[in-house]
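Asks: no sequence for this one, just the structure:
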């Protein structure tokens, strides 16, 4: 869910790492998996599916966006704001892609590499620390550039899309799965991507489309998925509320969001219900 700023020691980068970067995250998750009875030396993607993709509707949504974008086998994909690598592993394992993931959060990159190795996808997926505003790649390197709940932490959406266009080959694809600003006020915080407004940067839908279309892309698809997103998060909140107080911690997004998970999840539901935020999937072709 992250990627921003171009200077390694910028205050904003430090703030994003503080918000997302649980110390020794990979080891903490491995310990939770082992406590839940998983064989951490023989993990499968199904073993980590409940927390692997840090965005609304998880792996199901990644598959939807890949299908909407008609992602082809052997495509070279750049996943900007890759988190702990779940979408990249889905694109590699299920769609036959060669994927590079970048994230501003160092602990995410470490955990992404760890779990990719554990599930046997090291040859197909690689990760490195990087940011949306200064991509460390040559022009026209990728067939697909992928944003999944990433732009919500980026102040300069224009610059991020400009960079995406630079590294995307002509005729290539820009795939978006993003939260955008709703018409009825600012979000209620905290939410998964920000504890307060300082890290939350949501564009209105018309502004997001204008930015992309103004930077060498044609729109192929734009699909509002707020309804299923709200239903999914309501189920998440209900599951947490109905969990017995003495039950062990679940293997879920709490592993990434920590003790504030119930509050953050409830606030996402409220924000969706009150039209403070909405969710979209978009696909664009680079034409110039």
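Replies: Received, thanks. This is a predicted model, so every value here is computed, not measured.

Asks: Could you pull out the strands in the stretch 51-200 of the chain for me?
Replies: Applying DSSP state E, counting those that start in this stretch to the stretch 51-200 of the chain gives strands spanning 76-80, 98-103, 125-129, 142-148, 168-181.

Asks: now these as a markdown table including distance to residue 117, mean neighbour count and mean pLDDT?
Replies: From N, CA and C alone the C-beta is placed, and that goes for glycine too. Formatted as a markdown table, those follow (distance: least, C-beta to C-beta, whole Å; neighbours: other C-beta atoms under 10 Å; pLDDT from 0 to 100):
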| stretch | distance to residue 117 | mean neighbour count | mean pLDDT |
| --- | --- | --- | --- |
| strand 76-80 | 17 | 24 | 98 |
| strand 98-103 | 14 | 25 | 98 |
| strand 125-129 | 10 | 20 | 97 |
| strand 142-148 | 21 | 25 | 98 |
| strand 168-181 | 26 | 22 | 98 |
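
Asks: Same list (these) but as a markdown table, adding distance to residue 24.
Replies: Formatted as a markdown table, the entries for the strands of the stretch 51-200 of the chain read as follows, by distance: least, C-beta to C-beta, whole Å:
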| stretch | distance to residue 24 |
| --- | --- |
| strand 76-80 | 23 |
| strand 98-103 | 16 |
| strand 125-129 | 17 |
| strand 142-148 | 25 |
| strand 168-181 | 28 |
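
Asks: Of all those strands, which one comes closest to residue 277?
Replies: The minimum distance between residue 277 and the strands of the stretch 51-200 of the chain falls on strand 168-181, with 5.3 Å, by C-beta to C-beta.

Asks: what helices or strands is the next helix or strand after that closest one leaning on?
Replies: Following strand 168-181 in sequence order, the next helix or strand is helix 205-213 (DSSP states H and E). Contact partners of helix 205-213 among helices and strands, from 3 or more C-beta pairs under 8 Å, 6 or more residues apart in numbering; DSSP states H and E: helix 157-167, strand 168-181, strand 217-224, strand 277-286.

Asks: now for those, which one comes closest to residue 89?
Replies: strand 168-181 (15.9 Å).

Asks: Adjacent strands (with direction) for the closest one?
Replies: Strand pairing for strand 168-181, using DSSP bridges, gives strand 142-148 (parallel), strand 277-286 (antiparallel).

Asks: where in the protein is pLDDT low?
Replies: Counting by pLDDT under 70, the chain has low-confidence residues at 1-9.

Asks: any idea how far the closest residue to residue 281 other than its chain neighbours is from residue 54?
Replies: Taking C-beta to C-beta, 6 or more residues apart in numbering as the measure, residue 281 lies nearest to residue 223, with 4.7 Å between them; neighbours along the chain are not counted. Using C-beta to C-beta, to the nearest Å, one obtains 21 Å as the distance from residue 223 to residue 54.
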